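J.: Need coordinates for the following:
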Amino acid sequence: MDESSKAVRWNMPFWAERGPETWNLSFPDEPMDAGPISLRPWRKADATCRVEASNDPLILEYTSVESDLTVAEAEEWIVKRDSDMADGISIFMAIQESESEKFLGSLGLIDFIWNEGRAEIGYWMLPNGRGTGRLSELLNRFSSWALESLPIARIDLFTNLDNFSSIRTAERAGYIQEGLLHSFKPGRNGREDLLLFGRVGSG
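T.: Take a look at the predicted model:
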């Protein structure tokens, strides 16, 4: 066997494990709820709630939601969700009060690296949705669905060191703290140190 043949055979197992270049995302088929709260697609009528989020101090401190959004800007973001899903860029779900369908927050997967089989997950709640203790159940169910239904093997979750509520939510949803990343990402007040959590599939 010549050297070129050896190289091809050596690389075969590695390339065989690589995922697709992209994926056409779609919403979960099964309903996802955690007692009084549940997930649904974002609606254009949720625009005012995204505007509220863009003025909430905690959401601005700990997430990448833009500040001081207008209703038109929020509507544009919501409309773009469908094309981003079709292009395999992101999938966002609204968190609602199950009985009234009142908007409470957002949960989504972003930064897919399809050929490496991984993505990042994030979430936030408006003040009227905080303190229920149920977000971790939704995060757990949505994460399980993603790892079982999408061609990904790992989900990353990042939190600020002082975001204790998010840390508890991640741990209760089965995410394992794996390390501290110094100066990892730019934030509103400079580069941030972030805790890395991970959850992997069973395959």
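J.: which stretches of the protein have low pLDDT?
T.: 1-17, 203 (pLDDT under 70).
J.: now the helices for it?
T.: Secondary structure of the chain (DSSP state H): helices located at 3-16, 47-53, 57-62, 71-86, 135-149, 164-172.
J.: so what's residue 87 closest to, chain neighbours aside?
T.: Of all residues not flanking residue 87 in the chain, residue 22 sits nearest, at 6.9 Å (CB to CB, 6 or more residues apart in numbering). In short, each C-beta sits where N, CA and C put it, glycine included.
J.: So in terms of bridging, what pairs with the spatially most central residue of the chain?
T.: In the chain, the C-alpha nearest the mean C-alpha coordinate belongs to residue 121, at 2.3 Å (CA atoms, centre = their mean). Applying DSSP bridges to residue 121 gives these bridge partners: residue 109.
J.: Confirm for me that it is in contact with residue 143.
T.: Yes. Between residue 121 and residue 143 there is a contact under CB atoms under 8 Å: 6.5 Å.
J.: Need the overlap of contacts for the two.
T.: residue 155 (CB atoms under 8 Å, 6 or more residues apart in numbering).
J.: In stretch 173-192, which residues are buried?
T.: Under the neighbour-count criterion of 16 or more other CB atoms under 10 Å, stretch 173-192 has 173, 175, 192 buried.
J.: what's the distance between the first one and residue 164?
T.: Counting by CB to CB, to the nearest Å, the gap between residue 173 and residue 164 amounts to 15 Å.
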